[in-house]
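Student: take a look and give me a structure for this.
(one chain, ligands or ions: 1)
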Amino acid sequence: MIVDHDVIVLGAGLAGMRAALEAARNGVNVAVVSKVHPVRSHSGAAQGGINAALAPGDSWEIHAFDTIKGSDYLADQDAVEIMTREAPQDIIELEHMGVIFYRDEEGKLGTRAFGGASKARTYFVGDITGQALLYTLYDQLLKAGVKVYEECFATALYMAGGECRGVTAIDMLSGELNLIRAKAVIIASGGAGRLYEPSTNALICTGDGIALAYRAGAPLMDMEMVQYHPTTLKGSGFLMTEAARGEGAYLLNKDGERFMQRYAPKMMELASRDVVSRAETIEIAEGRGIDGNVLLDLRHLGRDVILTKLPQIHEIALDFLGIDMITDPVPVRPGMHYMMGGIRTDVHGATSIPGLYAAGECACVSVHGGNRLGANSLLDTLVFGRRSGRAAAEYVRRTSPTATGEDFLAAEQRRIADLMARPYAGETHARLRLELGTLMDAKVGVYRNEEGLMEALTGVHELKRRYGLVAVGDKGRIYNQALTFVLELGYLLDCAEAVIHGALTRKESRGAQARTDFPQRNDAEWLKHILITHNDGGPPRIDFQPVTITKWQPQERTY
Ligand SMILES: Cc1cc2nc3c(=O)[nH]c(=O)nc-3n(C[C@H](O)[C@H](O)[C@H](O)COP(=O)(O)OP(=O)(O)OC[C@H]3O[C@@H](n4cnc5c(N)ncnc54)[C@H](O)[C@@H]3O)c2cc1C
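Tutor: Model (predicted):
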């Protein structure tokens, strides 16, 4: 089947739904394609909140400076300025749409403190902020009458004459592969957290859109910048939101010491995530951890604060470790959480491919640079989702009708049929995925060095070879998740290669890239973005792009 729309949005998380809503408001025919029901997107797992400089005494300039310092000066300052200037109006719009943000005793919008921020500027709904935002935006999407192709799995971008003209996607219910044509495509498919094991990310965060754009020739930027969150639960890796420390929780080592005083005496537990994750890693490596973990202590916050402001993490710790954080500290360790890098875009979401836009975690504008501040990602999805929706709608008005695509669809159907027909040769997607995640965590985690990165690259090449032997266990059509798992693994392997090449190229330590063999930040040589472009049959092409500096000159970064 071939269907037509003006704009296709690939992804129904916050970035995708905000982009679709804006495109619809601009009068074009827009449809959303999502591999899960929209409200099951990973945005729904966001706990802590969303940043904006709205409170008295705060300003967009201070928010921008905190963001740029947090990024270790790798963020593009023009993009950060846009995001922080536009943040307040986006928060107010969300309220008008129906998000019930926390209000203080006076009935005013209340904030909480978050890491790396010099003011308390995080707006929140308990510790289920993402879910509250996601449901509200979904309501708005339905109200605007946007067509949603849910449980529809994208397999390729349809390129014609160098322009992006749609996507092919498997309708999971029927198993049919369809071509959804459009004059513009916005990729909003989220991050690639599941490159790592463990990760705080949902199992569906497999970098699909990043890999699809990469395969279509769009450069990826800042891919080496992978954020480890300091507080993920022992064992399972579930997130214990930074809001816990925002509300005042302590981090303790095995001697009961608040060890952050030795690493970030001013900001303590609320230093940037890269700083806190490195501190914990050192504590654990030097024998001051407990069984590979440190402790998150909330006891002094009291039952009321925990049960009213942090009820979800209270329940998670109880369910998964049997620990009641009202009476006992919780073992945590750094765990993979977020991709700062992604598909390179301008501040309107445009990629280097005409007709192709990207927004949200899959994109790199870049507003997060080397390290994202907590609660800046939800903001990024809304601001740049909105901007890409508008830009794509404008692009559609000045572009000609879509090309045909029958041949492209037929070729893609053959590719999937060949994959389905592959005989079992002893390799499974599940084993390879676990091996990949474990390798990335061991060699491309909080600390990296040349030797480990080379091992990771060789390992990924070997996994890619074995991937060519993976068979699809289920030969049926309806809800064939065995097929989509195999396709997801292919996306992950492409993303892994880009991350490792970025990390090998950047011979310095900046933000989340901590190289033990190059421990210093080196602005003279490395104050620049690394671009990775797919190259059929060979290693990817590496290019550089200067960082846009407007008014904040790089300084030494202390917390
Ligand atoms: C546990 C957790 C807590 C977090 N807490 C916070 C927080 O408090 N504050 C904050 O600012 N940030 C937080 N973050 C980060 C933030 O939530 C994410 O970066 C952001 O929500 C990503 O939104 P998105 O719209 O880009 O992608 P997602 O919400 O991940 O949505 C991706 C969409 O793409 C679709 N998709 C993907 N691949 C395909 C395919 N092949 N075919 C069809 N559809 C596809 C999916 O179905 C989904 O709809 C948190 C992240 C996690 C994991």
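Student: how near is residue 340 to residue 370?
Tutor: Look at residue 340 and residue 370: by Cβ to Cβ, to the nearest Å, they are 7 Å apart. Where you see a C-beta, it was placed from the backbone N, CA and C, and this is true even at glycine.
Student: right, I mislabeled it, should have said residue 83
Tutor: Distance of residue 83 to residue 370, computed by Cβ to Cβ: 16 Å.
Student: ditto for residue 148
Tutor: Counting by Cβ to Cβ - residue 148 and residue 370 are separated by 35 Å.
Student: between those two, point out the one with more neighbours.
Tutor: residue 370 (28 against 20; other Cβ atoms under 10 Å).
Student: against residue 275, how distant is the more buried one?
Tutor: From residue 370 to residue 275 the distance is 11 Å (Cβ to Cβ).
Student: how about the strands in the stretch 51-200 of the chain?
Tutor: Under the criterion DSSP state E, counting those that start in this stretch, the stretch 51-200 of the chain carries strands at the ranges 111-112, 122-123, 147-150, 152-160, 163-171, 176-181, 184-187.
Student: turn those into TSV, columns for distance to residue 468 and mean pLDDT.
Tutor: Listed next are those as TSV, based on distance: least, Cβ to Cβ, whole Å; pLDDT from 0 to 100:
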stretch	distance to residue 468	mean pLDDT
strand 111-112	49	91
strand 122-123	46	96
strand 147-150	30	98
strand 152-160	17	97
strand 163-171	21	97
strand 176-181	21	97
strand 184-187	26	98
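Student: to residue 304, which of these lies closest?
Tutor: strand 111-112 (15.0 Å; Cβ to Cβ).
Student: quick one: list the elements packing against that closest one.
Tutor: strand 122-123 (3 or more Cβ pairs under 8 Å, 6 or more residues apart in numbering; DSSP states H and E).
Student: give me the contacts around the strand it packs on.
Tutor: 48-52, 54, 91, 101-102, 109-114, 129, 243, 246, 374-375 (Cβ atoms under 8 Å, 6 or more residues apart in numbering).
Student: let's see that with 6 Å instead.
Tutor: Contacts with strand 122-123, where a contact means Cβ atoms under 6 Å, 6 or more residues apart in numbering, come from 49-51, 91, 101, 111-112, 114, 375.
Student: which residues do residue 340 and residue 370 both contact?
Tutor: Joint contacts of residue 340 and residue 370 (Cβ under 6 Å, 6+ apart) are residue 225.
Student: for residue 419, give its distance to the ligand.
Tutor: Residue 419 sits at a distance of 15 Å from the ligand (criterion: Cβ to the nearest ligand atom, to the nearest Å).
Student: that residue: what's it in contact with?
Tutor: Residue 419 neighbours (Cβ under 6 Å, 6+ apart): none.
Student: how much space separates it from residue 186?
Tutor: Taking Cβ to Cβ, one finds residue 419 at 27 Å from residue 186.
Student: same deal with residue 248?
Tutor: Applying Cβ to Cβ to residue 248 and residue 186 gives a distance of 40 Å.
Student: also residue 76?
Tutor: 20 Å.
Student: higher neighbour count, the two?
Tutor: residue 186 (37 against 25).
Student: so what's that one bridging to?
Tutor: Applying DSSP bridges to residue 186 yields these beta-bridge partners: residue 9, residue 357.
Student: so which residues of the stretch 51-200 of the chain form helices?
Tutor: Assigned by DSSP state H, counting those that start in this stretch, the helices in the stretch 51-200 of the chain fall at 60-70, 77-97, 129-143.
Student: and those: which comes nearest residue 217?
Tutor: So among the helices of the stretch 51-200 of the chain, helix 77-97 is nearest, using Cβ to Cβ, at 22.6 Å.
Student: against which helices or strands is that closest one packed?
Tutor: When contacts are defined as 3 or more Cβ pairs under 6 Å, 6 or more residues apart in numbering; DSSP states H and E, helix 77-97 sits against helix 60-70, helix 377-397.
Student: which pLDDT value goes with residue 402?
Tutor: For residue 402, the model assigns a pLDDT of 63.
Student: cool, thanks, talk later.
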